[in-house]
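Q: give me a model of this one.
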Amino acid sequence: MKINKFLACAMAAVAMTACSDNDGFNTASDVTVSMGQATLNAPEDYTGDNSFCYVPVKLSGKANGPVKVTVDVTEGTVAAIETAHYFITSKTVVIPEGETEVNVEFYPTGDTDINDDREFTMFIADVEGATVEGLDRTVITLLDDDHYLPEAYAKIQGTYNFTAFSSNGSPVSQTWTITGVQEGEDGYLSKLTIAGIQGVTWTSYPATMSFDANTKTASVKVNYGGFCAYEVTFNGGALVADVMLATVSGNSLVSSGSCTLEADENYSSLSFPAGAEWVGALFESASGSFTGSVWFWWDTMSLTKVQ
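A: Reported below is the predicted structural model:
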């Protein structure tokens, strides 16, 4: 089997920034705060960035120091209960001098029950360094997505035509299948398996489906860093390697993070993020060491359902 030489393997570094406390809050007059929006809908099984939802708090006027805002919550008619149905990262946020908006973070816990949409209200309870003017609360609805899941889970499975371009510009066309598990099995309504990667039946890779009740769309999340094949023979047996699904940054291998494929409303296609690249990085089966080579390197990828 043909392999391509890969240039480098590097670990990603995360840049850290430090912040310091400033006990001197704003003293300028005519500085006010308000909630950024009156209503907010969030799927109860939210799967966005870090699974957090964000409620904006805005500042008006020219402050000469930070402003501290503390929020609190009340339950709606169909109650969304704090610590049961959602968690708030911190109820106190600080708007630094020069900034006009910050977010209160919360994340829904989610469940697998079919239920009515749940609701809670987040309101400004206390402010230091400003006064409250205008909108002082946001009504938040946690949208139940569980009654959509069986249909979405069934429809996203099937046979797809995968197309892409390899790193040398050659077109790629393969047949892939996406399958789930049976009702009653662990992972039903979320667990998926992608098979047929590189056009062979013995490759497979795990994925998970989620559904956004706000947009009524499903997506498939693929985590980097797992292996789609083991003990594959290359170069006439000179190399026996396991194949890791990864991405790249420049010429460096990236084995962390994930790629989310978005389904259209008819479940006829899955769209990759713009600029996404997939590589099949080869690691020696015996030692686990990266060989510096890849089995495939694709970009401009798409999946179109065949059946």
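
Q: any stretches of this protein with poor pLDDT?
A: For the chain, applying pLDDT under 70 flags the ranges 1-23, 46-51, 112, 145-146.

Q: ranges for the helices of it?
A: Here the chain has its helices, by DSSP state H, at 149-156.

Q: how far away is the closest residue to Ala42 other than its chain neighbours from Tyr107?
A: Spatial nearest neighbour of Ala42, chain neighbours left out: Cys53 (4.5 Å); criterion: Cβ to Cβ, 6 or more residues apart in numbering. No exception for glycine: its C-beta is placed from N, CA and C like everyone else's. Distance, Cys53 to Tyr107, using Cβ to Cβ, to the nearest Å: 6 Å.

Q: next: Gly187.
A: 21 Å.

Q: then Glu277?
A: 29 Å.

Q: and the longest strand seen in the chain, what does it pack against?
A: Longest strand of the chain, by residue count under DSSP state E: strand 290-305. Packing partners of strand 290-305 (3 or more Cβ pairs under 8 Å, 6 or more residues apart in numbering; DSSP states H and E): strand 4-5, strand 8-9, strand 158-166, strand 171-179, strand 239-249, strand 269-271, strand 277-284.

Q: can I get those strands in a markdown table with distance to Gly196 and mean neighbour count?
A: Output for the helices and strands packed on strand 290-305, formatted as a markdown table (distance: least, Cβ to Cβ, whole Å; neighbours: other Cβ atoms under 10 Å):
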| stretch | distance to Gly196 | mean neighbour count |
| --- | --- | --- |
| strand 4-5 | 20 | 12 |
| strand 8-9 | 27 | 14 |
| strand 158-166 | 8 | 17 |
| strand 171-179 | 4 | 15 |
| strand 239-249 | 13 | 20 |
| strand 269-271 | 14 | 18 |
| strand 277-284 | 13 | 22 |
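
Q: so which of those is nearest Asn26?
A: Asn26 lies closest, by Cβ to Cβ, to one member of the helices and strands packed on strand 290-305: strand 239-249, at 40.8 Å.

Q: between strand 277-284 and that closest one, find me the angle.
A: Relative orientation of strand 239-249 versus strand 277-284 (axes from the mean of the first three to the mean of the last three Cα atoms, to 10 degrees): 150 degrees.

Q: and strand 239-249, how far out from the chain's middle?
A: Relative to its parent chain, strand 239-249 has a centroid offset of 22 Å by Cα atoms, centre = their mean, to the nearest Å.

Q: run through the neighbouring helices and strands of it.
A: strand 227-234, strand 252-254, strand 277-284, strand 290-305.

Q: quick one on the thing from earlier: please name whichever of the helices and strands packed on strand 290-305 is nearest to Ala195.
A: strand 171-179 (4.9 Å).

Q: in its sheet, what does that closest one sit against?
A: Applying DSSP bridges, strand 171-179 is found paired with strand 158-166 (antiparallel), strand 191-195 (antiparallel).

Q: so the shortest one versus helix 149-156, what angle?
A: Interaxial angle of strand 191-195 relative to helix 149-156 (the same axes, to 10 degrees): 0 degrees.

Q: among the strands paired with strand 171-179, which comes closest to Glu133?
A: That would be strand 191-195 among those, by Cβ to Cβ, at 48.9 Å.

Q: now that closest one: buried residues?
A: Lys191, Leu192, Ile194, Ala195 (16 or more other Cβ atoms under 10 Å).

Q: mind putting those in CSV, distance to Glu265 included?
A: Formatted as CSV, the buried residues of strand 191-195 follow (distance: Cβ to Cβ, whole Å):
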residue, distance to Glu265
Lys191, 23
Leu192, 19
Ile194, 21
Ala195, 25
